[in-house]
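J.: coordinates only, no sequence provided:
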């Protein structure tokens, strides 16, 4: 019997592999400081947990419509109106089994065999794998520190070919925690739109972004490109990673195709998770999430100060998400060896740059400051001892 070429070609997600090894070490009795995965330690807000308990009272929990509970789609639309100042028709919102499923169905809807999708290097590794699942080609463009590890319009124009079908952008980005400048994002979107290409923007971390120089938080791409495809999630700002609930905002012409794909791929997202997620948009829950956002910023300062003390360069300090992308080349180790020794000898879990693309594979590691302040300080102290 034969395994598919697709399955043989797919790269492992090394962050998860290091996480699995961390679990093995913990099972052996070691205390591991987990700074590898993008998983906030807060868990879901209390009101959401209570809503889930109430939903699991024995009532029937049938399938929802493929694009999600109408009430949840309306609540998400209200969030865009109240938080980001844009009006989105709830019919354009699809609730999915995590942001990964949102990426899956949107790429299935827009990418054909032989198409090209442009994205930054470094970027989230699963994006490349999802693009290539549908026979398209992920074209990664080196995004250096000078560009905040983000694409710019000039790089997109240089890489453009008649086969370019879409541009993918993440802001704030994983693994770097950096946002793209609003004028650059607008220029890229305008360039792609003029050429009939899709703009697919990952805003999973948007509500964890810092205020700009004007004192305002970054706005959704929909503020200047209403027909962009937006992918988002309940995992990060709302702390609901294991709940596997996300959403996408679609242009009108994609709603019906995505609905058909969703029906066939996963029927619908988890019904109890959708019911509970309605509690995310209450004033009480949003206040909790804002407090957590402030806490993450405090943890970021601990991480940046600790890395500076270790002599590890952070070429572009993050202004969103909860990641620091650090250059470890000064240690004499490449990124993989640094992460391997950090885990095996210091029992600190990090993620090597190999996950995120070729440009920084050997030199950079991602630190996720989702652990408590105490855990962060201990993890940094262990790394200091390792390097000593």
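T.: In hand now; what should we look at? Worth saying up front: this structure is predicted, and the values here are computed from it rather than measured.
J.: could you find the closest non-adjacent residue to residue 275?
T.: Leaving aside its sequence neighbours, residue 275 sits nearest to residue 55 (CB to CB, 6 or more residues apart in numbering; 4.4 Å). All C-beta spots, glycine's among them, are computed from the backbone N, C-alpha and C.
J.: what comes up buried for stretch 346-358?
T.: Neighbour-count burial for stretch 346-358 flags 346-357 (criterion: 16 or more other CB atoms under 10 Å).
J.: mind putting the residues you listed into a markdown table with pLDDT, distance to residue 23 and secondary structure?
T.: Below are the buried residues of stretch 346-358 laid out as a markdown table (pLDDT from 0 to 100; distance: CB to CB, whole Å; DSSP: H, G, I helix; E, B strand; the rest coil):
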| residue | pLDDT | distance to residue 23 | secondary structure |
| --- | --- | --- | --- |
| 346 | 97 | 17 | helix |
| 347 | 97 | 12 | coil |
| 348 | 97 | 14 | strand |
| 349 | 96 | 9 | strand |
| 350 | 96 | 15 | coil |
| 351 | 95 | 15 | strand |
| 352 | 95 | 18 | strand |
| 353 | 94 | 22 | helix |
| 354 | 91 | 20 | helix |
| 355 | 89 | 18 | helix |
| 356 | 94 | 22 | helix |
| 357 | 92 | 26 | coil |
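J.: what is the nearest of these to residue 289?
T.: residue 351 (24.6 Å; CB to CB).
J.: assumed residue 161 was part of a strand.
T.: No: applying DSSP: H, G, I helix; E, B strand; the rest coil, one finds residue 161 to be coil, outside a strand.
J.: start at 19 instead
T.: I'll keep to 19 as the first residue from here, and by that count the last item is residue 179.
J.: quick one: pLDDT of the spatially closest residue to it that is not a sequence neighbour?
T.: Nearest non-adjacent residue to residue 179, counting by CB to CB, 6+ apart: residue 134, 6.2 Å away. If you check residue 134, the pLDDT there is 98.
J.: roughly how far does residue 134 sit from residue 153?
T.: Here the distance between residue 134 and residue 153 works out to 11 Å (CB to CB, to the nearest Å).
J.: who has more neighbours out of those two?
T.: It is residue 134, of residue 134 and residue 153, that has more neighbours when counted by other CB atoms under 10 Å, with 20 against 12.
J.: and the gap between the more buried one and residue 364?
T.: Residue 134 is 41 Å from residue 364, by CB to CB.
J.: secondary structure class for residue 135?
T.: Applying three-state DSSP: residue 135 is strand.
J.: got a list of what it touches?
T.: Contacts were defined as CB atoms under 8 Å, 6 or more residues apart in numbering; by that measure residue 135 touches 125, 129, 149, 154-157, 182-186, 218.
J.: residues near the spatially closest residue to residue 245 that is not a sequence neighbour, how many?
T.: In space, and not counting its chain neighbours, residue 245 is closest to residue 269: 4.2 Å by CB to CB, 6+ apart. Neighbours of residue 269 under the rule other CB under 10 Å: 14.
J.: break down this protein into its strands, ranges please.
T.: Ranges of strands in the chain, per DSSP state E, are 51-52, 111-114, 134-139, 155-160, 182-188, 216-220, 247-251, 264-267, 341-345, 366-367, 369-370, 382-386.
J.: can you say which of these is nearest to residue 304?
T.: strand 247-251 (15.1 Å).
J.: the closest one to strand 182-188, inter-axis angle?
T.: 30 degrees (axes from the mean of the first three to the mean of the last three CA atoms, to 10 degrees).
J.: gap between strand 247-251 and the chain center?
T.: 10 Å (CA atoms, centre = their mean, to the nearest Å).
J.: next one: stretch 69-83
T.: Centroid separation for stretch 69-83 versus its chain: 28 Å, with CA atoms, centre = their mean.
J.: likewise stretch 385-394?
T.: Relative to its parent chain, stretch 385-394 has a centroid offset of 18 Å by CA atoms, centre = their mean.
J.: any buried residues in that stretch, and which?
T.: 385-389, 393-394.
J.: please apply the same query to stretch 31-40.
T.: Of all the residues in stretch 31-40, those buried under the rule 16+ other CB under 10 Å are 32-33, 36-37, 39-40.
J.: measure residue 342 to residue 89 for me?
T.: 38 Å.
J.: nothing else from me, thank you.
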